[in-house]
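Chemist: I need the structure of the sequence given here:
(one chain, ligands or ions: 1)
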Amino acid sequence: MQTYYDKTSTTSNKPWVIKVEDVAVTFGDYNALKNISFTLDQGEYLYIVGPNGSGKTTLIRLLTGLQNPTTGVYKIENASVGYLPQKLNSKKAFPITVEEVIYSGLKKQKFVIEKEAQGKINTWLEKMQIAHLMNKPIGVLSGGQQQRVFLIRALISEPEVLILDEPTSALDPKFRNYFNHFIDELHKQGTTIIYVTHDLHDVNQPEKKVMFIDQEIKFYGSISEYHNFIKEGEIHV
Ligand SMILES: Nc1ncnc2c1ncn2[C@@H]1O[C@H](COP(=O)(O)OP(=O)(O)OP(=O)(O)O)[C@@H](O)[C@H]1O
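Modeler: Coordinates of the predicted model:
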């Protein structure tokens, strides 16, 4: 198999925000990740793809500080991070409302939700087309509705780096399009985006990068190089 991976140094002149150096993560005797090295510059848009069980979520958990590397080093430089996890799993009886979930995403919280925060929450609920759900317990919402709530939670503090783990898996096609355009707009405004997905069919913006992992990084490059890589048929996504 041809080696496509060449991303040990940055190509843009922007400062880096994330550096991963020769990281491995093992669970017992299983190597979920090995030899992972890459640098992400400020304002980049990176898709992470790979088959089921290939280590995507493990890598994302590493980038958000939820998973320690077994060996190697992970560094994040002066940047606030918003994270939308893949598994939301809010129990039906979980006694917390949509509004409270979103409020918990703000950096500073008080005992009572203050007026300014309330205004922000209302604006975001309107943007995500779920204003009518504000006072509902989170656990009674559908999967797609919960995904929108947790997306607002990740965004409300206006993070410099946004990490999304399969964010559209529960969204209907119309809202999925709206959502992807919305993330593109954030990117244009300077947010660094890391986006785990199984579907890159509609992506054609040349400035976006793709990392294909299967325990190791098998490919890292532009979206058009990635489409050629896939055409050669050496991997299954
Ligand atoms: N805490 C853990 N303990 C043991 N094994 C784990 C743990 N977390 C992940 N794994 C294993 O590591 C491998 C990678 O899992 P991971 O969730 O990162 O895959 P993924 O690429 O995100 O998969 P998917 O596309 O199905 O979401 C899997 O074989 C998984 O069973």
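
Chemist: just the strands in this protein please.
Modeler: Listed in chain order, the strands of the chain (DSSP state E) span 4-5, 16-27, 30-41, 45-49, 71-76, 81-84, 161-165, 192-196, 209-214, 216-222.

Chemist: considering these, which stretch scores lowest in mean pLDDT?
Modeler: Ranked by mean pLDDT, these end with strand 4-5 at the bottom, a mean of 42.

Chemist: coming back round to it: just put the strands of the chain in a markdown table and tack on mean neighbour count and distance to residue 182.
Modeler: (Each C-beta comes from the backbone N, C-alpha and C, glycine too.) Shown next, in a markdown table, are the strands of the chain (neighbours: other CB atoms under 10 Å; distance: least, CB to CB, whole Å):
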| stretch | mean neighbour count | distance to residue 182 |
| --- | --- | --- |
| strand 4-5 | 18 | 30 |
| strand 16-27 | 17 | 21 |
| strand 30-41 | 18 | 21 |
| strand 45-49 | 22 | 13 |
| strand 71-76 | 14 | 24 |
| strand 81-84 | 20 | 13 |
| strand 161-165 | 23 | 11 |
| strand 192-196 | 23 | 11 |
| strand 209-214 | 22 | 20 |
| strand 216-222 | 19 | 23 |
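
Chemist: for residue 120, find the nearest of those strands.
Modeler: Closest to residue 120 of the strands of the chain, according to CB to CB: strand 81-84, at 13.9 Å.

Chemist: export the strands of the chain to JSON lines and append columns for distance to residue 100.
Modeler: JSON lines is the format used below for those (distance: least, CB to CB, whole Å):
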{"stretch": "strand 4-5", "distance to residue 100": "43"}
{"stretch": "strand 16-27", "distance to residue 100": "30"}
{"stretch": "strand 30-41", "distance to residue 100": "32"}
{"stretch": "strand 45-49", "distance to residue 100": "31"}
{"stretch": "strand 71-76", "distance to residue 100": "28"}
{"stretch": "strand 81-84", "distance to residue 100": "17"}
{"stretch": "strand 161-165", "distance to residue 100": "22"}
{"stretch": "strand 192-196", "distance to residue 100": "27"}
{"stretch": "strand 209-214", "distance to residue 100": "35"}
{"stretch": "strand 216-222", "distance to residue 100": "39"}
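
Chemist: of all the ones you listed, which lies closest to residue 129?
Modeler: Residue 129 lies closest to strand 81-84 among the strands of the chain, at 16.8 Å (CB to CB).

Chemist: send me that closest one as CSV with only the CA atoms.
Modeler: What follows is strand 81-84, C-alpha atoms only, in CSV (Å, rounded to 0.1, in the frame of the first residue of the first chain):
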residue,chain,number,x,y,z
VAL,A,81,-12.4,23.9,23.1
GLY,A,82,-16.1,23.0,22.5
TYR,A,83,-16.9,19.3,22.3
LEU,A,84,-20.0,17.5,21.0
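
Chemist: give me the distance from that strand to the chain's centre.
Modeler: Relative to the mean C-alpha coordinate of its chain, strand 81-84 is positioned 7 Å out (CA atoms, centre = their mean, to the nearest Å).

Chemist: what of stretch 35-45?
Modeler: Here stretch 35-45 is found 13 Å from its chain centre; the criterion is CA atoms, centre = their mean.

Chemist: with stretch 13-25 instead?
Modeler: Distance of stretch 13-25 from the chain centroid (CA atoms, centre = their mean) equals 16 Å.

Chemist: what sits closest to residue 107 if chain neighbours are left out?
Modeler: Nearest residue to residue 107, sequence neighbours excluded (CB to CB, 6 or more residues apart in numbering): residue 157, at 5.3 Å.

Chemist: ok, how many other residues are close to the one you found?
Modeler: Residues lying near residue 157 (other CB atoms under 10 Å) number 15.
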